[in-house]
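Asker: Sequence and predicted structure below; questions after.
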Amino acid sequence: MKFNTKTIHGGQKPDPSTGAVMPPVYQTSTFAQSSPGIHQGYEYSRAANPTRTALEDALASIENGAKGLAFSSGLAAIDSVMKLLKPNDEVIAMDDLYGGTYRMFSKIYSEYGIKFHFVDMNDLEKVESLFNENTKLVWVETPTNPLMKLADIARIAELTKEKNVLFAVDNTFATPYLQNPLDLGADIVMHSATKYLGGHSDVVAGALVAKTEELGEKLHFAQFATGGTLGPNDSYLVLRGIKTLHLRMQRHSENGQKVAEYLENHPKVERVYYPGLESHPYHEIAKKQMHDGYGGMVTFTFKSGKKEDSIKFLEKVKVFTLAESLGGVESLANHPAIMTHASVPEETRKVLGITDDMVRLSVGVEDAEDLIKDLEKALS
Ligand SMILES: *Cc1c(COP(=O)(O)O)cnc(C)c1O
């Protein structure tokens, strides 16, 4: 099956009891058994729920994996990956991670005796030098938030395969419409399904897809044993979102490219971070490992370098809504230093290059002309 068919049919079958084409929302915690231990595959909804199963099968299908798992949030999904680790294990992670991921690693799991190395994943020599017998996991996000840094998934996979270390990729920004980490050699794909998979800013959810059944079972055990599962209503919403993922991503990418090109030519704009621009330092990696476009996330800074200019701009936009989050059909604008990345210490932000005049756009699926007019007004 091709991707555009998988989003609609992948892992799906009509409901066995009624023939319903969309799975009913099985709003139940428990399932009747005919004799102790004899049931139809469902016992208790923390272990499995049919609406969640439908979503999980769709997730496995679109990410080309053996097993999908749906979580109560993206962070709950990451949390279950971390539960594969033990004290003294080491993790090599990208230095430009989603703020909440960085917070979980540095504030929670480093207190549990797990050691993290945060590193520029493009410095492969450095990455290689960090491996030792305690290294158990490599964690990569590509493209990153908000600097749109990319990491070469296939090249990192060569290293993790050689060293026999798990390799997980946060594919939230690209989605499987644009990038397929498991095909490139990763073992686990993670999503904040709150973003593009859900796609309508109406649900908080997370996902993991494991390349092998065996790894999927380990992750399912961690999820079942600690409880971060997604409820049936929210599972339904994410599944419904996935049905139009390919249509939305196509438009997000077209609009993202247009907005990035417009901003790059604007006299008040200093720098635009978008993987689809030739000026982007990671454009070559983007061309190599992404396909059918570069997504809807665009970050930019002001010539003036002034924080006030970014704030004025954010107060003026009308079609873009000033809000955290991303990946919904509506365009959003965000001030990383004050909003989404406030949990990253100021010193670290400086080192990474998250400046106070930086604006991050989640370009939606509206008419591109309206979006550009809105930017034009706000910039003037
Ligand atoms: C939002 C986000 C997360 C966290 O997901 P939640 O659903 O908010 O818990 C992780 N990674 C990336 C790239 C994100 O954008």
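Answerer: Done, it's in. Numbering: from 1, shown residues only.
Asker: Got phi/psi on the closest residue to residue 42 other than its chain neighbours?
Answerer: Closest residue in space to residue 42, ignoring its immediate chain neighbours: residue 31 at 4.3 Å, by Cβ to Cβ, 6 or more residues apart in numbering. Backbone N, C-alpha and C define where each C-beta goes, glycine included. When read as degrees, to the nearest 10, the backbone of residue 31 gives phi -130, psi 140.
Asker: From what I see, residue 31 and residue 48 are in contact.
Answerer: No. In this structure, residue 31 is not within contact of residue 48 by Cβ atoms under 8 Å, at 9.3 Å.
Asker: Could you name every residue contacting both of the two?
Answerer: Here residue 31 and residue 48 share the contacting residues residue 42, scored by Cβ atoms under 8 Å, 6 or more residues apart in numbering.
Asker: what's near enough to touch residue 260?
Answerer: Counted by Cβ under 8 Å, 6+ apart, residue 260 has contacts 272, 274, 276-277, 298.
Asker: what number of residues lie near residue 188?
Answerer: Number of residues near residue 188 (other Cβ atoms under 10 Å) recorded here: 30.
Asker: Spit out the contact partners of the residue lying closest to it once chain neighbours are set aside.
Answerer: The spatial neighbour of residue 188 that comes closest, neighbours along the chain excluded (Cβ to Cβ, 6+ apart), is residue 168 at 4.0 Å. Neighbour list for residue 168: 81, 137-140, 186-190 [criterion: Cβ under 8 Å, 6+ apart].
Asker: now with 6 Å?
Answerer: 81, 139, 188, 190 (Cβ atoms under 6 Å, 6 or more residues apart in numbering).
Asker: wait, isn't residue 172 in contact with residue 195?
Answerer: Yes. Using Cβ atoms under 6 Å, residue 172 makes contact with residue 195 at a distance of 5.3 Å.
Asker: So for those two, which residue has more residues nearby?
Answerer: Legend: neighbour count by other Cβ under 10 Å for residue 172 and residue 195, higher for residue 172 (27 against 24).
Asker: And the more buried one, how far from residue 261?
Answerer: 24 Å (Cβ to Cβ, to the nearest Å).
Asker: One more: residue 105?
Answerer: Distance of residue 105 to residue 261, computed by Cβ to Cβ: 35 Å.
Asker: The two: which is more packed in?
Answerer: Between residue 105 and residue 261, counted using other Cβ under 10 Å, residue 105 has the larger neighbour count: 19 against 16.
Asker: Would you verify that that one is located in a helix?
Answerer: Yes. Secondary structure assignment (DSSP: H, G, I helix; E, B strand; the rest coil) places residue 105 inside a helix.
Asker: ok, now which ones touch it?
Answerer: For residue 105, the contacting residues are residue 116, by Cβ under 6 Å, 6+ apart.
Asker: gap between it and residue 197?
Answerer: For residue 105, the distance to residue 197 - Cβ to Cβ - is 23 Å.
Asker: does residue 271 really touch residue 301, like I thought?
Answerer: Yes. Using Cβ under 6 Å, residue 271 is in contact with residue 301, at 5.0 Å.
Asker: which one of these two has more residues nearby?
Answerer: Per other Cβ under 10 Å, whichever of residue 271 and residue 301 has more neighbours is residue 301, with 21 against 16.
Asker: Neighbouring strands - and their directions - for the helix or strand in which the more buried one is found?
Answerer: Element membership of residue 301, judged by DSSP states H and E, is strand 297-302. Strand 297-302 pairs in its sheet with strand 269-273 (antiparallel), strand 359-362 (antiparallel), by DSSP bridges.
Asker: Give the bridge partners for residue 229, please.
Answerer: residue 71.
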